[in-house]
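K.L.:
Coordinates only, no sequence provided:
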């Protein structure tokens, strides 16, 4: 399955999970800021990607979870250097450039996860 | 679960499916507030609630009701026919996927054909449930399971499912 095929299936996943039109699902669209995803939608998306691509996704593998519980990762609501490096290491599918040198508020974390992030994730997952 | 929108559980296949019956009665006051073409009609939102209770119990049994199971999302709901007083409904819920965070279910709503034993498919509902003690926001909730309360346990007992452990209210 090539990247275009994966993108096309991700469009269907997001159409079903979020009720958005496929033409809204552009590669750069943020799941939260542009497509209106809320926390339960992330679980829905995980379940649908598992089914669509016949893969198993561990909790916290696709979307970061419970970061604020760890004081080494988050301080005063902002990602620490350790936290950012941890995310980069664990989540190669997400482009964290938005946090480099700028506002590191974890409230912005959802904005960093785009349609491209999901395509990257599936591509990496299928490559095994 | 304060108001019950199912009357009896009639089938339970552990970890897979649960089936419940609802008899719609003119004694239900809400019906009198929703009249279409001169006929009382059960609102679709309450049909969805019936499915949410059916599927929610199924999800609850999978953790012996240790988890607080909250309806988090109506993924899809479609209905082909109105439901009115005198109708009998059959909700069948199946588990699509479940993990520590929550569950996805799909289900059907059937209506008994008047005067017969046959059933007519009138609805399809997909839902998402959250195990709220494992919510991403880290919000804390009371320890006792306020979702599955005493009146709900009565339904389980009648169905022979009373053996499922349920944390008691304080």
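P.N.:
That came through, no problem. Note that the coordinates shown come from a computational prediction; the quantities given were computed from them, not determined experimentally.

K.L.:
Looking at the most centrally placed residue in chain A now. What's its pLDDT?
P.N.:
Geometric centre of chain A, nearest residue: residue A:113, 3.9 Å, by C-alpha atoms, centre = their mean. pLDDT, residue A:113: 91.

K.L.:
Got phi/psi on the nearest residue to it once chain neighbours are set aside?
P.N.:
Excluding its sequence neighbours, the residue lying closest to residue A:113 (C-beta to C-beta, 6 or more residues apart in numbering or on different chains) is residue A:31, at 5.2 Å. In short, each C-beta sits where N, CA and C put it, glycine included. Backbone geometry at residue A:31, expressed as degrees, to the nearest 10, gives phi -60, psi -40.

K.L.:
and residue A:31, what does it touch?
P.N.:
A:14, A:18, A:37, A:41, A:42, A:45, A:110, A:113, A:114, A:115, A:117, A:118 (C-beta atoms under 8 Å, 6 or more residues apart in numbering or on different chains).

K.L.:
wait, isn't residue A:106 in contact with residue A:78?
P.N.:
Yes: the criterion here is C-beta atoms under 8 Å, and residue A:106 meets it with residue A:78 at 6.9 Å.

K.L.:
how close does the residue nearest to residue A:113 get to residue B:75?
P.N.:
16 Å (C-beta to C-beta, to the nearest Å).

K.L.:
same thing with residue B:129?
P.N.:
11 Å.

K.L.:
Name the residue in the two with the higher neighbour count.
P.N.:
Counted by other C-beta atoms under 10 Å in any protein chain shown, residue B:129 and residue B:75 do not tie: residue B:129 has more neighbours, with 27 against 21.

K.L.:
Please tell me the pLDDT value assigned to residue B:139.
P.N.:
Model confidence at residue B:139, expressed as pLDDT, equals 64.

K.L.:
let me redo that: residue B:1
P.N.:
So residue B:1 comes in at 55 (pLDDT).

K.L.:
which residues are common contacts for residue B:129 and residue B:75?
P.N.:
What both residue B:129 and residue B:75 touch, as defined by C-beta under 8 Å, 6+ apart, is the set residue B:104.

K.L.:
Return the set of residues that bridge with the nearest residue to residue B:102 once chain neighbours are set aside.
P.N.:
Distances taken as C-beta to C-beta, 6+ apart place residue B:130 nearest to residue B:102, at 4.4 Å, with adjacent residues excluded. Each beta-bridge partner of residue B:130 is listed here, defined by DSSP bridges: residue B:70, residue B:102.

K.L.:
before we move on, what SS does residue B:20 have?
P.N.:
Here residue B:20 is recorded as strand under DSSP: H, G, I helix; E, B strand; the rest coil.

K.L.:
Let me see the contact set for it.
P.N.:
B:6, B:7, B:8, B:9, B:10, B:50, B:53, B:54, B:57, B:90, B:91 are the contacts of residue B:20 under C-beta under 8 Å, 6+ apart.

K.L.:
ok, so of these, who is nearest residue B:105?
P.N.:
residue B:54 (8.8 Å; C-beta to C-beta).

K.L.:
picking up where we left off before, I'd guessed the residue nearest to residue B:102 sits against residue B:70; true?
P.N.:
Yes: using C-beta under 8 Å, residue B:130 is in contact with residue B:70, at 5.0 Å.
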